[in-house]
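Participant: need a 3D model of the following:
(chains A and B)
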Amino acid sequence: MTTLLDLRSVSLSSGSNHRLKDITLSIQQGEKVALLGQSGSGKTTLIKVANGTLKPTIGKVLWKGIELNKLKRRQKSEIGTLWQDLKLIKELTVCQNVNAGALGRKNALWALRNIFGLIDNENCRKCLQVACLEEILMNKSISSLSGGQQQRVAIARLVHQQPKIILADEPLSSLDPQIANDILNLLLTKRKNSFYTSPNTCVVSLHRPDLLEGFTRVIGLKSGEIFFDIPIGNLNKTNINKLYL
Amino acid sequence: MILNKPVLCILPILAIVPIASNVFYDIHPGGINLLYNFFSSALNPSFESDVLYAVFNGLQDTISIALIGWSVSLFFGISLALITSDIFYILFKVPYSIKKFLKILLSIPRGIHELVWGLLLLQILGLTSWVAILALAIPYSCLNARVFSDQINALDKASLDSLIQIGSGPIQVIITGLWPKIFPVLVSYGGYRLECAIRGATLLGVFGLGGIGTELQLSTQSLQFREVWTSIWVLVISIFCLEKIIERIKDINKIQKNIKHFSVIGLIIISILLVISVIRLGGLNINTSININSITLPSVKSLLIAINNIDLVKLISQTLFISLLATGIAVGIPPIMSMLFPTSIGQDVIAKIYMICRTLPSPLIALLLLLFIYPSLSVASLAIGIQNMGVLGRILKENIDRNDKFIAIAFEKSGASKSSSWLYGKFCQQSNSYLAYSLYRFDIILKETAAIGVVGGAGLGWKLQESLSSFAWEEVLIIVATFISLTMIGESLSGSLEASLNNKKMQSFNPTPNVSN
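Facilitator: Sure, this is the predicted structure:
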């Protein structure tokens, strides 16, 4: 199996506060990893360190053997992130937001053309299809959509990015159970059409241990440290209880 | 094409197409050489002692004029703000209709550009520094009054109500309830207006009212570009230092903790500087060249004849045309520049260019452009556009710097280029408030066409200059009234458009410079 993401002795501290302590882990292609832990345990920080938005104080993060800060634009776009607050741009339409997923492969002129709405909608349509969103929403503004629909737009943007791994930060918080299941399904199920083949690797941070179906591995984080890192089959109530104590 | 807010902010850059094509054909023989000489002198300014002496002497005059004009406008601004704010009518039980009347009355002097005030006062008071001081003090007092009264009205009235209920007198309410809340705004906006006053005093100097502006104008007309750059650099450095000082002072938390100290020390410093300035300008000697008693009101008939002579429709169209093109340049260029040069070095260089642009008065930029381009509406638009681009560029940068940078970082880490990350992650979020501020800026630009017209040979400003030179007072009256009407219509139009943008509950721009110059 190929190692995609590799965190080597990563620590992150701000002042005297240790947000991550000596984390070493690697994510292999095909793994579906659930990150569990209480609020403030370091899940979001770990996702941010893994996608390069936060720089570790100590240690290294490698993507396919290359340090994150040495990646070329194309390589960076192989790491897709589904943010907790989605980071959609309210001033743009659904289609323009979805197209923004392709910015890693496109130049600034293309970016400007997308702002002006001068990009062909075909690819956007296919991405919306993968994210189970109706085409009719394409020209709607983001603020007119429901929370679940916005989540799907963010997923459609990820689809357009065509990443090799998805890092999802609490994608199910503030969603009702039915929508949460649908979104999780979207992230974990292999999807394929003429435009897109979903990556079979993902790291998803969750605050609810009852949503672990479909994952292959579970990492428990406590006070910025790895509390356990086990295959899903080895997870039992005792582990979970100790983690949330 | 989708006309969303980011597009509406960028689209005005198309104004550059007609301007560039006109300017290209209007470059006169030898113009390119002059242009080269001008820019090559930027790195080789004159350091000759007599030039330095004249420049620093001029700078001192400009600062003295600005300081006195600013202090007067601050005093009257605060006083007028109080008597046009809601709380005054509650405290002193004065009929509310007076407030409406006062507000309309104050909008008239505010609608006239300081240069027009300067030209009018020059006819009445003759060539004295007080012309420049009053030309700044009159419109600025009314501007300050509007901003401060808006801020007073926006305050939470609950604490004032509690003071009234326990039986405090009106003066006690103002000193203990109002002053501590409004003081940080006074410092922040007042500081900003001092910058405007220095720029305004420089502009008046370009029209012969003394100071560094006069030095700049003389050096420009005699093609002494090295001397021109000595003045420009001195001015830019002075404004830069002032901006830095104001930035340090206007930390609201610090001010609120030490209001007493800030008030007393501020008052002492301003008083000392005022005394020095008055001494420097040679005291209060006003030589009136016109017997004010001999001025009579023009008859309706003579006014009608004057309207016939003026061709008002053409002049108004020219003025609006200049304003629209200039707004296009001022609004459209900053986002594109920042997108093209998104690195921190690029942004720093652009910030310095904006600084030079906003320091130079637009008539001076027009004078420089006229060295190698024939006069036209495009030159006038370009000059105002460049100056206001400096202002809008700074505001855009400051607001983007204050905003959440994380979205742009997230885009960059997902492989987007720096330019695309800037556009999507930073600019889009600011587009609503940038658009709102741009609409407001159109009012300022409309006023500035008066000043540019005087130099650029176009629009109402040019006709005003002509009418003043020929003592055609009826024409002057009509032109000034037209300017006031245009400004008031512009203000109300942009005000309602701005309100509709702000109603969408998006972050608005810096609250203090809502009415600026």
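
Participant: give the contact list for residue A:204.
Facilitator: Neighbour list for residue A:204: A:32, A:33, A:34, A:35, A:166, A:168, A:171, A:184, A:187, A:215 [criterion: CB atoms under 8 Å, 6 or more residues apart in numbering or on different chains]. Placement of C-beta: from N, CA and C, glycine included.

Participant: now, these that are in helices?
Facilitator: Of the contacts of residue A:204, the ones assigned to helices by DSSP state H are A:184, A:187.

Participant: in ChimeraX, how would I select the buried members of the contacts of residue A:204?
Facilitator: The buried residues among these can be selected in ChimeraX (16 or more other CB atoms under 10 Å in any protein chain shown) with this line:
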select /A:32,33,34,35,166,168,171,184,187,215
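
Participant: of the contacts of residue A:204, closest to chain B?
Facilitator: Nearest to chain B among these: residue A:166, at 11.4 Å, using CB to the nearest CB.

Participant: who's in contact with the spatially closest residue to that closest one that is not a sequence neighbour?
Facilitator: For residue A:166, the nearest residue in space outside its immediate sequence neighbours is residue A:202; the separation is 4.2 Å by CB to CB, 6 or more residues apart in numbering or on different chains. Applying CB under 8 Å, 6+ apart, one finds that residue A:202 lies in contact with A:32, A:33, A:165, A:166, A:167, A:168, A:187, A:188.

Participant: check what pLDDT whichever residue of chain A sits closest to chain B gets.
Facilitator: Scanning chain A for the residue nearest chain B gives residue A:104, at 2.5 Å (criterion: CB to the nearest CB). Here, the pLDDT recorded for residue A:104 equals 90.

Participant: gap between it and residue A:164?
Facilitator: In this structure, residue A:104 and residue A:164 are separated by 12 Å, where distance is defined by CB to CB, to the nearest Å.

Participant: now stretch B:91-106: how far from the chain's centre is it?
Facilitator: Going by CA atoms, centre = their mean, to the nearest Å, the spacing between the C-alpha centre of stretch B:91-106 and its chain's C-alpha centre is 27 Å.

Participant: nope, stretch A:99-118 is what I meant
Facilitator: Distance of stretch A:99-118 from the chain centroid (CA atoms, centre = their mean) equals 21 Å.

Participant: between the two ends of that stretch, how far is it?
Facilitator: 11 Å (CA to CA, to the nearest Å).

Participant: next: stretch A:39-48.
Facilitator: By CA to CA, one end of stretch A:39-48 lies 15 Å from the other end.

Participant: wait, does it contact chain B?
Facilitator: No - Stretch A:39-48 is not in contact with chain B by CB under 8 Å from any CB of the partner chain; minimum separation 9.1 Å.

Participant: what residues sit buried inside that stretch?
Facilitator: Residues of stretch A:39-48 classed as buried by neighbour count (16+ other CB under 10 Å): A:41, A:42, A:43, A:44, A:45, A:46, A:47, A:48.

Participant: just give the nearest non-adjacent residue to the fifth one, would you?
Facilitator: By the measure of CB to CB, 6+ apart, the closest residue to residue A:45 outside its immediate chain neighbours is residue A:19, 4.7 Å from it.

Participant: equivalent analysis for the first one, please.
Facilitator: What sits nearest to residue A:41 in space, not counting adjacent residues and going by CB to CB, 6+ apart, is residue A:221, at 4.4 Å.

Participant: and the last one, by the same measure?
Facilitator: Once flanking residues are discounted, residue A:48 sits nearest to residue A:54: 4.1 Å by CB to CB, 6+ apart.

Participant: that older thread, and the residue of chain A closest to chain B, helix, strand or coil?
Facilitator: Using DSSP: H, G, I helix; E, B strand; the rest coil, the secondary structure recorded for residue A:104 is helix.

Participant: repeat that for residue A:88.
Facilitator: coil.

Participant: contacts only, for it.
Facilitator: A:97, A:142, A:150, A:153, A:154, A:157.

Participant: now distance to chain B and secondary structure too, for those residues, in a markdown table please.
Facilitator: What follows is these, written out as a markdown table (distance: CB to the nearest CB, whole Å; DSSP: H, G, I helix; E, B strand; the rest coil):
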| residue | distance to chain B | secondary structure |
| --- | --- | --- |
| A:97 | 9 | helix |
| A:142 | 11 | helix |
| A:150 | 15 | helix |
| A:153 | 14 | helix |
| A:154 | 11 | helix |
| A:157 | 9 | helix |
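
Participant: returning to what we had before: narrow the buried residues of stretch A:39-48 to those in helices?
Facilitator: Secondary structure of those is defined by DSSP H; positions in helices are A:43, A:44, A:45, A:46, A:47, A:48.

Participant: ok, back up a step: any idea how far the residue nearest to residue A:166 lies from residue A:41?
Facilitator: On the measure of CB to CB, residue A:202 and residue A:41 end up 19 Å apart.

Participant: hang on, isn't residue A:118 packed against residue B:1?
Facilitator: Yes - checked against CB atoms under 8 Å, the pair residue A:118 and residue B:1 is within contact range at 6.4 Å.

Participant: residues of chain B that sit close to chain A?
Facilitator: Contacts of chain B with chain A, taken as CB under 8 Å from any CB, map to B:1-2, B:4-7, B:10, B:339-340, B:406-407, B:409-417, B:419-421, B:423-424, B:428-429, B:431-432.

Participant: so which of those residues are in helices?
Facilitator: For the residues of chain B next to chain A, secondary structure assignment (DSSP H) places B:5-7, B:10, B:339-340, B:406-407, B:409-413, B:419-421, B:428-429, B:431-432 in helices.

Participant: from these, list just the buried residues.
Facilitator: Buried subset of those (neighbour count, 16+ other CB under 10 Å): B:5-7, B:10, B:339, B:407, B:409-413, B:419-421, B:428-429, B:431-432.

Participant: now the helices for chain A?
Facilitator: Taking DSSP H as the criterion, chain A carries its helices at A:43-51, A:73-76, A:94-99, A:108-115, A:122-130, A:147-161, A:177-188, A:237-243.

Participant: can you tell me which of those helices is packed in deepest?
Facilitator: Among the helices of chain A, the stretch with the highest mean neighbour count (mean count of other CB atoms under 10 Å in any protein chain shown) is helix A:94-99, at a mean of 27.

Participant: grab the nearest non-local neighbour of residue A:152.
Facilitator: For residue A:152, ignoring the flanking residues on the chain, the nearest one in space by CB to CB, 6+ apart is residue A:131 at 4.4 Å.
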